[in-house]
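Model the following, please.
(one chain, ligands or ions: 1)
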Amino acid sequence: MSIPVLTIDGPSGAGKGTVSRAIAMQLGWGYLDSGSIYRSLAIASNQQEIDITDVAKVVRVAESMLLKFECAAELNVKLNGKDITSELSTETTGNTASIIAAYPEVRAVLLQKQKDFRQAPGLVADGRDMGTVVFADAEKKVFLTASAEERGKRRYKQLIEKGINANLAQLTEEIEVRDQRDRERTSAPLKQAEDALYIDSSELSIEQVIQEVLDWVRFL
Ligand code: C5P
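Coordinates of the predicted model:
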């Protein structure tokens with residue numbers, strides 16, 4: 001029998017990370033934050049000062065980067081031995097990640113790195129194409145979204161709490177641009193898998209979303 005996977009896809013700021021981590025803890029499963037892989041590649045490309053419109057160069061960086069994830073209370077990531085956790089959540093990193101994530105060649109290189117996270121007793125995987133591409137055979141899929149306004153507010157709060165400077169109006173606009181890019185790209189665009197449970201969390205607390213997903217997962 002294959003190792004069970006729960007996929008949670010959706011646009012940025014919908015609460016996927018918080019919900020996925022809490023559910024992974026409750027189920028005693030591993031957790032994959034696939035966005036952090038694209039974000040790490042953005043940081044690596046930036047460190048090596050390559051032109052990110054040069055796909056071949058981005059692919060080379062992707063092939064050679066060495067990532068180490070440690071999931072404690074927060075996710076800690078080491079890139080080629082150096083801690084990059086604090087750089088991961090900036091908007092610049094997110095925007096660069098979304099540009100390079102549109103290259104099919106880059107996605108192909110990162111595919112196996114993501115599949116390798118599927119280990120017993122199970123995995124909660126969050127991203128944009130977890131249920132449609134990477135773990136298309138998962139039997140438990142969720143598509144979690146919220147209004148752009150609400151997602152902007154949540155992102156703002158998250159950044160401020162981390163001590164990162166942010167501007168709400170600018171943030172909401174950036175989120176919308178990034179979502180549009182993620183939805184409209186031809187390679188693994190952000191979309192709901194046909195067999196995914198749709199949750200709009202605009203009017204829900206994070207606890208309510210966690211409960212709804214857990215009830216549904218246990219029902220299956
Ligand atoms: O989820 P997060 O905001 O960390 O993702 C950063 C960017 O990485 C997204 O905007 C998206 O372009 C890309 N991404 C992706 N596929 C995933 C996860 C993230 O293309 N599975």
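
buried set for stretch 62-76?
With burial defined by 16 or more other Cβ atoms under 10 Å, the residues of stretch 62-76 counted as buried are 62, 65, 67, 69, 75. Where you see a C-beta, it was placed from the backbone N, CA and C, and this is true even at glycine.

Next: stretch 121-141.
Within stretch 121-141, the residues scored as buried using 16+ other Cβ under 10 Å are 122-135, 138, 140-141.

so which of those residues are also by the ligand?
127-130 (Cβ under 6 Å from any ligand atom).

want to throw these into CSV with pLDDT and secondary structure?
Formatted as CSV, those follow (pLDDT from 0 to 100; DSSP: H, G, I helix; E, B strand; the rest coil):
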residue, pLDDT, secondary structure
Gly127, 98, strand
Arg128, 97, coil
Asp129, 98, coil
Met130, 98, helix
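
Tell me how many other residues crowd Arg18.
If you look again at residue 18, you'll see it is Thr, not Arg. Neighbourhood size, Thr18 [other Cβ atoms under 10 Å]: 15.

show me the contacts for the spatially closest residue to it that is not a sequence neighbour.
Take Thr18 and drop its neighbours on the chain: the residue closest to it by Cβ to Cβ, 6 or more residues apart in numbering is Ile206, 5.5 Å away. By Cβ atoms under 8 Å, 6 or more residues apart in numbering, the contact list for Ile206 reads 15, 18-19, 22.

Pull out the buried members of those.
15, 19, 22.

Now the second one: which helix or strand?
Translated: Val19. helix 16-27 (DSSP states H and E).

Just list what that helix packs against, helices and strands only.
strand 5-9, strand 30-33, strand 123-127, helix 206-219 (3 or more Cβ pairs under 8 Å, 6 or more residues apart in numbering; DSSP states H and E).

In CSV: the ones you listed, plus distance to Ile175.
Putting the helices and strands packed on helix 16-27 into CSV (distance: least, Cβ to Cβ, whole Å) gives the following:
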stretch, distance to Ile175
strand 5-9, 16
strand 30-33, 18
strand 123-127, 16
helix 206-219, 18
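
Out of these, which gets nearest to Glu91?
Nearest to Glu91, of all those, is strand 30-33, at 16.7 Å by Cβ to Cβ.

now what about that closest one, what contacts it?
Counting by Cβ under 8 Å, 6+ apart, 17, 20-21, 24, 69, 71, 75, 114, 117, 119, 122-127, 130 sit against strand 30-33.

7 Å instead, please
17, 20-21, 24, 71, 75, 114, 117, 119, 123-126 (Cβ atoms under 7 Å, 6 or more residues apart in numbering).

Is any residue of it near the ligand?
No - on the criterion Cβ under 6 Å from any ligand atom, strand 30-33 is out of touch with the ligand, staying 6.9 Å away.

Which element is encountered next along the chain beyond that strand?
Assignment by DSSP H and E places the next element after strand 30-33 at helix 34-47.

before we move on, back to that, let me know the closest of the ones next to the ligand among the buried residues of stretch 121-141 to Ala169.
Distance to Ala169, by Cβ to Cβ, is smallest for Arg128 among these, at 24.5 Å.
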